[in-house]
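1. sequence first, then the predicted structure:
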Amino acid sequence: MSCYHSHKSCLRYILLIAMSLIMSLIALTYFIKPAQQSFSPHSIEISKHHNEKETVSTAGMMIFSFVSSIVFALAYIISSQDKVTAFWGCLLAFIFGFGFDQAVTLLLKVSVGRLRPDFLERCKMNVTAYHEMRAQQIAEFGVETSGYYPCTGDEKAVNEGHMSFPSGHSSTSGFAAWFCVTLCFSRALKITQFLKNEKHQRNRQKLSQVTEIIPSNQDVSTSLFHLQDANEKGQHEQRRVIDASVASDIEANSSVAIEVSNECSLNCNSTKDTNNDINQSTECFSSSSGSSAPRDRLDIRLITPSVVYVTAVVLSLIPLVLSMWIAATRVSDHWHHPSDCVFGWLIGVVSGLSCFPVLWLYESERKEEKML
């Protein structure tokens, strides 16, 4: 491999890592004060009860995301022939996808500033200021409208109350789940390609065996045909002679007739033996023309593409169901609206699927480098 190709490949990897790190640095916008939205103290959407205790905490969600990703990545690496390439491919894909997911999620959080369902309890609105603003609104507009009412609650809790859209738990757990799905189906694609190659190789071997066997097959068939024809002609000639002798001497020489009948029975027995030999020869030929694999080895023909893809789907359902359950708990805990969780999970889907081209490009370039 030339130095040019080596430096070019390394430069691509460095740029990929830098892009991922930049996206992760953008995630630091979490510490920026989110956009402030006006609200009405009578809104039902933001008047839910605030639950301090979450069903799935941030730490629990991170543990699920990292553990599931590591488990599926280890399975992917172990089942790969080039384990070093598989390791770095999984690492780069995870860094890229995770950075993309966190950057998009937090940028939308601080930009949109949607209020959480329990915002009013977080806000602990200043009642005196509220009545003053309400009187001013009625005097000016004739009705009470939404406004930027001052809050007296904890500043951190109030700022978090403005970061409902999209759900971070949903996007992160969704990314982890779809990262696992990407690894599963990436391995399934390679296994099915391997099975197709093995099938083509077996077909070629069978074709070569049949080509070698066909001449001997014709010879055996021809010899068997001639043998049967000779036997039939012999039987016909013997019966004709026997019938003539019996017709001329049946009354004069009865002993000759008995002797001839004995000879006929012997000829019939020899014909049966000849037919049995023919049948045995045919069976031997048919058994020799077939290919018998050793029974102590696993027959790879039992592993079909359908079995591979069904296995991948079943394994993928485990992290998918868990990630959807985590997203659902954010609604029941009154931390997010349903649309926040749905959109956050879709961000995770896009982030997880974006890992596939990264993994594929890295492994393809490594394969090309080894061929040079």
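-> Good, I have the coordinates.
2. which stretches in the protein count as helices?
-> Secondary structure of the chain (DSSP state H): helices at 3-26, 58-78, 83-112, 119-123, 127-141, 155-161, 168-249, 254-289, 305-332, 338-353, 355-371.
3. which of the ones you listed has the lowest mean pLDDT?
-> Ranked by mean pLDDT, those end with helix 254-289 at the bottom, a mean of 43.
4. so Arg330 sits against Ser167, correct?
-> Yes. In this structure Arg330 lies within contact range of Ser167 using CB atoms under 8 Å: 5.3 Å. (Each C-beta comes from the backbone N, C-alpha and C, glycine too.)
5. those two: who's more crowded?
-> Neighbour comparison, Arg330 and Ser167: the larger count goes to Ser167, with 30 against 27 (by other CB atoms under 10 Å).
6. quick one: the more buried one from Val67, how far?
-> Per CB to CB, to the nearest Å, Ser167 is found 20 Å from Val67.
7. one more: Lys190?
-> 24 Å.
8. who has more neighbours out of those two?
-> The neighbour count for Lys190 versus Val67, taken as other CB under 10 Å, is higher for Lys190 (16 against 12).
9. which non-adjacent residue is nearest Met324?
-> For Met324, ignoring the flanking residues on the chain, the nearest one in space by CB to CB, 6 or more residues apart in numbering is Trp345 at 7.3 Å.
10. check Ser170 too.
-> Closest residue to Ser170 apart from its sequence neighbours, by CB to CB, 6+ apart: Gly344 at 3.4 Å.
11. one more: Ser351?
-> Excluding the flanking residues, the one nearest Ser351 by CB to CB, 6+ apart is Asp101, at 3.7 Å.
12. which residues do Arg330 and Ser167 both contact?
-> By CB atoms under 8 Å, 6 or more residues apart in numbering, Arg330 and Ser167 have these common neighbours: His336, Asp340, Cys341.
13. got the residues you listed as a markdown table, with distance to Phe39 and neighbour count columns?
-> Below are the shared contacts of Arg330 and Ser167 laid out as a markdown table (distance: CB to CB, whole Å; neighbours: other CB atoms under 10 Å):
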| residue | distance to Phe39 | neighbour count |
| --- | --- | --- |
| His336 | 16 | 28 |
| Asp340 | 16 | 28 |
| Cys341 | 21 | 26 |
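14. how about the residues you listed in JSON lines, adding distance to Gly89?
-> Formatted as JSON lines, the shared contacts of Arg330 and Ser167 follow (distance: CB to CB, whole Å):
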{"residue": "His336", "distance to Gly89": "34"}
{"residue": "Asp340", "distance to Gly89": "33"}
{"residue": "Cys341", "distance to Gly89": "31"}
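15. and of the residues you listed, the nearest to Lys196?
-> Nearest to Lys196, judged by CB to CB, of the shared contacts of Arg330 and Ser167 is Cys341 at 40.6 Å.
16. contacts only, for the closest one.
-> Pro166, Ser167, His169, Ser170, Ala327, Ala328, Arg330, Val331.
17. ok, it to Arg122 distance?
-> Separation of Cys341 from Arg122 (CB to CB): 19 Å.
18. do Phe175 as well
-> 27 Å.
19. which of those two has more neighbours?
-> Neighbours per residue, other CB under 10 Å: of Phe175 and Arg122, the larger number sits with Phe175, 31 against 20.
20. surely the more buried one touches Leu346?
-> No. Under the criterion of CB under 8 Å, Phe175 makes no contact with Leu346, lying 10.7 Å away.
21. so who does the residue nearest to Val110 when sequence neighbours are not counted touch?
-> Leaving aside its sequence neighbours, Val110 sits nearest to Pro34 (CB to CB, 6+ apart; 4.5 Å). Taking CB under 8 Å, 6+ apart, we find Pro34 in contact with Lys109, Val110, Ser111, Gly113, Asn159, His162, Met163.
22. highest neighbour count among those?
-> Within these, most neighbours by other CB under 10 Å means Lys109, with 26 neighbours.
23. how about the contacts made by the spatially closest residue to that residue that is not a sequence neighbour?
-> Nearest residue to Lys109 in three dimensions, chain neighbours excluded: Met163, at 4.2 Å (CB to CB, 6+ apart). Listed by CB under 8 Å, 6+ apart, the contact partners of Met163 are Pro34, Lys109, Val110, Gly113, Arg114, Arg116.
24. dump the residues you listed into TSV; add distance to Leu207 as well.
-> Below are those laid out as TSV (distance: CB to CB, whole Å):
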residue	distance to Leu207
Pro34	69
Lys109	63
Val110	66
Gly113	69
Arg114	66
Arg116	68
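25. just name the closest of these to Val307, please.
-> Lys109 (43.0 Å).
26. isn't that closest one right up against Phe165?
-> Yes. Between Lys109 and Phe165 a contact is recorded at 6.9 Å, counting by CB under 8 Å.
27. for His334, what are phi and psi?
-> Torsion angles at His334 (phi, psi; degrees, to the nearest 10) stand at phi 60, psi 30.
28. confidence score at it?
-> Per-residue pLDDT puts His334 at 92.
29. for it, which non-adjacent residue is closest in space?
-> Spatially, and ignoring its direct neighbours in sequence, His334 is nearest to Lys48 (3.9 Å; CB to CB, 6+ apart).
30. do you know how far that neighbour is from Pro357?
-> Distance, Lys48 to Pro357, using CB to CB: 41 Å.
31. tell me which of the shared contacts of Arg330 and Ser167 is nearest to Asp154?
-> Using CB to CB, those come closest to Asp154 at His336, 19.3 Å.
32. OK, contacts around the closest one?
-> By CB under 8 Å, 6+ apart, His336 lies in contact with Arg116, Pro117, Ser164, Ser167, His169, Ser170, Arg330, Gly344.
33. and what of Val331?
-> Contact analysis of Val331 by CB under 8 Å, 6+ apart lists His337, Pro338, Cys341.
34. closest one to Gly60 out of these, please.
-> Nearest to Gly60 among those: Cys341, at 16.3 Å, using CB to CB.
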